[in-house]
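Engineer: Have a look at this fold, sequence not included:
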DNA sequence: AAGATTATTTCGAATTTCGCAAAAAATGGA
DNA sequence: TCCATTTTTTGCGAAATTCGAAATAATCTT
């Protein structure tokens, strides 16, 4: 039962802005030694609190078509469907939900054609999908992992 | 009109796995010099193809409740609503969509209580929201920015 | 093919990261 | 409160990485 303290959160906030800022620079900003930053980050990584990543711009990669698709699945096959979908590289997000749809996924495509093909050929091949409700993204306003707040929290 | 070539894509693929891997290591893996990796990355950053970031685990930060909320907005107020929602730190994703809902958002909360409060107090205060259709996330199967494929693409 | 432009390599210097031991701080009984 | 134990931080020198800039190579244009 370890807690994230203020220093941990500050480190995460700084890294959210630039995931490759030197530890020495973080240390300077927070007024502690580089070693402290290093050991904190090592621990946060070990605890799985975060990972170093990159955030690509899908449009710049040619993935100009994004969609959120709500799926209805056959009872008992939901997990299978979710796992199959997770394997697809076009699919960026897969979750099981309460509400109108059993599964909701988010996926990126090069074109509308590719989206249609995905729905007609890929989804139809997965056993257990009863219905797919496609919402086409017209404009993106926000898409961020910047979810580190300042309140303290206990790790499970 | 610049293209992402195979080297660019390989760099992105490597960085997707570990956003803090040394340039020398990438260079070694790809069989080019460190300087090339450096200049490629500098250009990719300048072109906005990607950013260095971290991917926090919401649950580890105490954000155990996630939801996708489909919103119906009053005609003409959609953009305003989207911008207001984007300001909220609990909100991670905001997009305008074709389909059943005008806007779809994704948000993280510490508790169900916080979610309810968000819907009842935060959303109701934003002018132009006609209806909110909340789907509570029961299980997350995939959530990734790993969307770099291998095909070449022209930058706009 | 020559010249101009752009990209890559090379390499020494500056900076950062790493490993580790000592110091300091925090924790926990008695 | 005092002392023992554990955890965290600090302070280095060594190793590795990044940076800047010039030299080389590749590409493009005419």
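Structural biologist: Perfect, I can see it now. In this text, all values refer to a predicted model and were calculated from it rather than measured experimentally.
Engineer: The host helix or strand of residue A:82 vs chain B: in contact?
Structural biologist: Secondary structure here is read from DSSP states H and E; on that basis residue A:82 sits in helix A:78-87. Yes - part of helix A:78-87 sits close enough to chain B to count as contact by C-beta under 8 Å from any C-beta of the partner chain, namely A:82-83, A:85-86. Placement of C-beta: from N, CA and C, glycine included.
Engineer: in chain A, which strand has the most residues?
Structural biologist: Looking across chain A with DSSP state E, the single longest strand is strand A:129-143.
Engineer: count of neighbours near residue A:13?
Structural biologist: When counting by other C-beta atoms under 10 Å in any protein chain shown, one arrives at 14 neighbours for residue A:13.
Engineer: Any figure for the gap between it and chain B?
Structural biologist: Between residue A:13 and chain B the distance is 10 Å, computed by C-beta to the nearest C-beta, to the nearest Å.
Engineer: got it, and residue A:134?
Structural biologist: Separation of residue A:134 from chain B (C-beta to the nearest C-beta) stands at 7 Å.
Engineer: partners of the longest strand of chain A, with directions?
Structural biologist: According to DSSP bridges, strand A:129-143 has the following sheet partners: strand A:65-73 (antiparallel), strand B:91-97 (antiparallel).
Engineer: list the buried ones in the longest one?
Structural biologist: So that's strand A:65-73. A:65-71, A:73 (16 or more other C-beta atoms under 10 Å in any protein chain shown).
Engineer: What of stretch A:28-41?
Structural biologist: For stretch A:28-41, a neighbour-count test (16+ other C-beta under 10 Å) marks A:30, A:36-37, A:40-41 as buried.
Engineer: Residues touching it, excluding its own?
Structural biologist: Residues outside stretch A:28-41 that contact it (C-beta atoms under 8 Å, 6 or more residues apart in numbering or on different chains): A:7-8, A:10-11, A:14, A:23-24, A:26-27.
Engineer: Now do the buried residues in stretch A:106-114.
Structural biologist: Neighbour-count burial for stretch A:106-114 flags A:106-110, A:114 (criterion: 16+ other C-beta under 10 Å).
Engineer: Let me see the contact set for residue A:78.
Structural biologist: For residue A:78, the contact set (C-beta under 8 Å, 6+ apart) comprises A:96, A:102-103, A:128.
Engineer: distance of it from residue A:27?
Structural biologist: Residue A:78 sits 47 Å away from residue A:27 when distances are taken as C-beta to C-beta, to the nearest Å.
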